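A.B. asks: okay, predicted coordinates and the sequence, questions at the end:
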Amino acid sequence: MTERSKVNLPDLFKKMDKGEPITWLTCYDYPTAHLQEQAGVDMILVGDSLGMTMLGYDSTLPVTMDDMIRHTQAVRRGAPTAFLFGDMPYMSYQASNEDAVRNAGRFMAEAACDAVKLEGGREMADRIRAIAAAGIPVSGHLGLTPQSVSALGGFRLQGKGAAAAKRIIEDAKILEEAGAFCILLELVPDRVCEIITERSENCLIMSLGGGPHAHGQLLIYHDMFGLYPKFKPKMAKVFGNAGEVILNGLKQYVDEVSNGTFPAKENYFGIKDEEYDELISELGE
Ligand code: KIV
């Protein structure tokens, strides 16, 4: 385990003030959380993208609160000091402030989260206000918001035109004023991200495919390591092809069992001769 003490909000804002980029990754399970903790990742998001990366759905929409809680608990066990976000799944907050506060509270009480994240612009300002008023740190998420992928017409760059970009910039300020301590900008043009970062007064602006002019970066873990088979977004850099390493290992396993080279002597246990002889005589053979 790392020696670091628990990452908290003042630590994150200190980094922001010093101009030190904040690192943020998605994570959905205990062993990966353990590795991310060892690597010193500042913040971890248990994203509802787990519906696609871990459960194989075509979108994030089928993910439930219970799915999220189960995975978030596992991640917290593996990463005790990272600043941990629970991602509010589809229809856990859209219908009412009461739903939003109750479900945000579940992440805090049942999964030891430090914050929650929800998607949407000005129309979600009331939800952000209600969650923040309940004492729960809350992050917004603008640009490509996967829970609205149908309305947005697919997984594509948002805010390309001046009018759409202006709306995202206004939304960011509205969410900050409603109490968001952090806003994720996903797939927006770099200069739009830069304007929002410059205008932020007391809000961490995080970029996923929005370029370098933010307070930090988020990547989806499965995209970083070649672990998502369906597509590889342009914004994701592959930092190592774990998918290929694992596939080669699996093929080798199939070969070695098939040709009898696994298990070898060092992979199993024997029994002493006298115990074996007694066993045979007990069995009457
Ligand atoms: O669910 C998730 O992982 C997310 C990312 C797309 C940022 O919200």
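C.D. replies: Everything's here; your move. Numbers count the residues shown, from 1 in each chain.
A.B. asks: what's the burial count for Glu176?
C.D. replies: A count of nearby residues for Glu176, using other CB atoms under 10 Å, gives 23. Heads up, the C-betas are built off the backbone N, CA and C, glycines and all.
A.B. asks: now name the helix or strand holding it.
C.D. replies: helix 162-178 (DSSP states H and E).
A.B. asks: what's the first helix or strand after that helix?
C.D. replies: As assigned by DSSP H and E, the chain's next helix or strand after helix 162-178 is strand 182-186.
A.B. asks: the helix or strand harbouring Ile196 versus helix 162-178: what angle between them?
C.D. replies: Secondary structure here is read from DSSP H and E; on that basis Ile196 sits in helix 190-199. Put simply, helix 190-199 runs at 30 degrees to helix 162-178, going by axes from the mean of the first three to the mean of the last three CA atoms, to 10 degrees.
A.B. asks: who does helix 190-199 touch, helix- and strand-wise?
C.D. replies: helix 162-178, strand 182-186, strand 204-208 (3 or more CB pairs under 8 Å, 6 or more residues apart in numbering; DSSP states H and E).
A.B. asks: who wins for proximity to Leu35 among these?
C.D. replies: Between Leu35 and the helices and strands packed on helix 190-199, the shortest separation by CB to CB is 20.2 Å, and it involves strand 204-208.
A.B. asks: please list the outside residues in contact with that closest one.
C.D. replies: 12-13, 16, 22, 24, 139, 172, 181-187, 193, 196-197, 213-220, 235 (CB atoms under 8 Å, 6 or more residues apart in numbering).
A.B. asks: dump stretch 227-240 to PDB, keeping only the CA atoms.
C.D. replies: C-alpha atoms of stretch 227-240 as PDB (Å, rounded to 0.1, in the frame of the first residue of the first chain):
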ATOM      1  CA  LEU A 227      -9.300  -3.500 -22.700                       C
ATOM      2  CA  TYR A 228     -12.500  -2.400 -24.500                       C
ATOM      3  CA  PRO A 229     -13.000  -4.400 -27.600                       C
ATOM      4  CA  LYS A 230     -15.800  -2.400 -29.300                       C
ATOM      5  CA  PHE A 231     -14.000   0.900 -30.100                       C
ATOM      6  CA  LYS A 232     -11.100   3.100 -29.300                       C
ATOM      7  CA  PRO A 233     -11.900   6.800 -29.000                       C
ATOM      8  CA  LYS A 234      -9.400   9.200 -30.600                       C
ATOM      9  CA  MET A 235      -8.900  11.000 -27.300                       C
ATOM     10  CA  ALA A 236      -7.700   7.900 -25.500                       C
ATOM     11  CA  LYS A 237      -4.000   7.300 -25.600                       C
ATOM     12  CA  VAL A 238      -3.000   3.600 -25.200                       C
ATOM     13  CA  PHE A 239      -0.400   3.500 -22.400                       C
ATOM     14  CA  GLY A 240       0.100  -0.200 -22.700                       C
END
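A.B. asks: thanks a lot, see you next time.
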